[in-house]
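Engineer: mind folding the following:
(one chain, ligands or ions: 1)
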Amino acid sequence: MPSVGTRLRDITRRLADAGVPSPAHDAAALMAHTFGWEISDVRTAAARDDHWPEDPLDHDLLEARVARRCAREPLQHITGKAPFRTLELQVGAGVFVPRPETEIVTEVALELARAAKPARDGMVHVTDLCAGSGAIGLSIAAEMDNAHVALVEASDEANVYLRLNARMLPASVRSRVRPILGDARGCLHHFEGCAQVVVTNPPYIPSNAVPRDVEVREYDPPEALYGLGDDGLAVPRAIIDEAARLLDVGGWLVMEHGELQGEALRAHAARSEFWGDIHTRQDLTGRDRMLVARRVGV
Ligand SMILES: C[S@@+](CC[C@H](N)C(=O)[O-])C[C@H]1O[C@@H](n2cnc3c(N)ncnc32)[C@H](O)[C@@H]1O
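Structural biologist: Below is the predicted model:
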């Protein structure tokens, strides 16, 4: 049996040859996941040139997982887990893998929610539209004790993960989240003016801008990627309109978008009398990635 270090180098090289973007990390993650270790344990054992446990079945399993990653199946589908802020979300085929940039969108929504005046029931009501695995909304519920979060998701498959992830939360958090299966553009008939914050990471890629990464193109569900219309903004525009209906006066909308879409979304919001303080915010690399707007009274 080769040593941990030899195996790590071999798997890293095979992943790199297959075009995997972060081969050293993914090799260590696959080894850690298979043997029930932490990634840091793998690195330490590799540095010491320790030898592996002898179980040949585990080594067959590792080989199978490496082959899946070489075929560019997302690491998170293979491990079944995606870290997001304080949570470890369950993900797999049929649900969008949450991205690090959405952690910043969540941070902005959390800041606005924390500053909001609670509703008469003492809670700050947050609505996560296009919730997927629940990354944004469940994080807000987990990180803010008086947040009550409704999460709307249209896909049956994504809803399975959304509910699984909600169920993993401690009871005190779970009691403040409400997963809803439905179309974010109009399923919340009875929630008019109820939310202090609406946050959303909708599909926004134009149909003709097929992503280059195999992991995205082949494994993220199309309904999670393509926002319809010539510019990919048909769904986001409809969601801005719906957010105006859902928000209480003074409430905030936070919407993730592509780096070149800020102006078009600001223009759409500005055409409505319901929005004020319309602006774009950036991600950690300085790219325009979020529309933020305040619901004003008319
Ligand atoms: C880009 S993913 C974001 C998922 C999650 N919010 C995140 O950030 O990881 C967009 C999600 O919106 C869902 N979706 C697309 N159109 C929708 C609609 N009209 N109503 C509700 N959900 C929708 C997709 O199924 C997908 O789960």
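Engineer: where does the stretch 51-200 of the chain come near the ligand, residue by residue?
Structural biologist: Within the stretch 51-200 of the chain, the residues that sit near the ligand (CB under 6 Å from any ligand atom) are 96, 98, 102, 130-133, 135-136, 152-155, 158, 183-185. In short, each C-beta sits where N, CA and C put it, glycine included.
Engineer: show me those that map onto strands.
Structural biologist: The strands, defined by DSSP state E, take in Val152, Glu153 from these.
Engineer: show me where the stretch 51-200 of the chain has strands.
Structural biologist: 81-84, 87-90, 124-129, 147-153, 177-181, 195-200 (DSSP state E, counting those that start in this stretch).
Engineer: and the second one, how far from the chain's centre?
Structural biologist: Think strand 87-90. Remark: strand 87-90 is offset 10 Å from the chain centroid, using CA atoms, centre = their mean, to the nearest Å.
Engineer: residue of the protein nearest the ligand, please.
Structural biologist: With CB to the nearest ligand atom as the measure, Gly132 is the residue of the chain nearest to the ligand, at 2.5 Å.
Engineer: ok, the nearest residue to that residue once chain neighbours are set aside - contacts?
Structural biologist: Nearest non-adjacent residue to Gly132, counting by CB to CB, 6 or more residues apart in numbering: Phe96, 4.4 Å away. Neighbour list for Phe96: Gly132, Ser133, Ala158, Asp220, Pro221, Ala224, Leu225 [criterion: CB atoms under 8 Å, 6 or more residues apart in numbering].
Engineer: now neighbour count and pLDDT too, for the residues you listed, in TSV please.
Structural biologist: Output for these, formatted as TSV (neighbours: other CB atoms under 10 Å; pLDDT from 0 to 100):
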residue	neighbour count	pLDDT
Gly132	28	98
Ser133	29	98
Ala158	23	98
Asp220	21	94
Pro221	16	95
Ala224	22	96
Leu225	19	96
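Engineer: in helices, which of these appear?
Structural biologist: Those of the contacts of Phe96 mapping onto helices are Ala158, Ala224, Leu225, per DSSP state H.
Engineer: OK, contacts around the last one?
Structural biologist: Applying CB under 8 Å, 6+ apart to Leu225 gives the contacts Phe96, Pro203, Ile205, Pro211, Val216.
Engineer: with the second one instead?
Structural biologist: Contacts for Ala224 were tallied using CB under 8 Å, 6+ apart; they are Val95, Phe96, Gly132, Ser155, Ala158, Pro203.
Engineer: quick check, pLDDT for His59.
Structural biologist: As predicted, His59 sits at a pLDDT of 86.
Engineer: need the residue closest to the centroid of this protein.
Structural biologist: Nearest to the geometric centre of the chain sits Pro98, at 2.7 Å (CA atoms, centre = their mean).
Engineer: quick one, phi/psi of Val95?
Structural biologist: For Val95, the backbone dihedrals are phi -130, psi 140 (criterion: degrees, to the nearest 10).
Engineer: let me redo that: Arg13
Structural biologist: Dihedral angles (degrees, to the nearest 10) for Arg13: phi -60, psi -40.
Engineer: what sits against it?
Structural biologist: Arg13 neighbours (CB under 8 Å, 6+ apart): Pro23.
Engineer: roughly how far does the residue of the chain closest to the ligand sit from Gly297?
Structural biologist: 32 Å (CB to CB, to the nearest Å).
Engineer: hmm, back to that, out of the contacts of Leu225, which are buried?
Structural biologist: Taking 16 or more other CB atoms under 10 Å as the criterion, what is buried in the contacts of Leu225 is Phe96, Pro203, Ile205, Val216.
Engineer: any chance of these in CSV, with distance to Leu61, secondary structure and pLDDT too?
Structural biologist: Putting those into CSV (distance: CB to CB, whole Å; DSSP: H, G, I helix; E, B strand; the rest coil; pLDDT from 0 to 100) gives the following:
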residue, distance to Leu61, secondary structure, pLDDT
Phe96, 26, coil, 97
Pro203, 34, coil, 98
Ile205, 35, strand, 96
Val216, 26, helix, 92
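Engineer: okay, how far is it across stretch 15-32, tip to tip?
Structural biologist: 16 Å (CA to CA, to the nearest Å).
Engineer: perfect, I'm done here.
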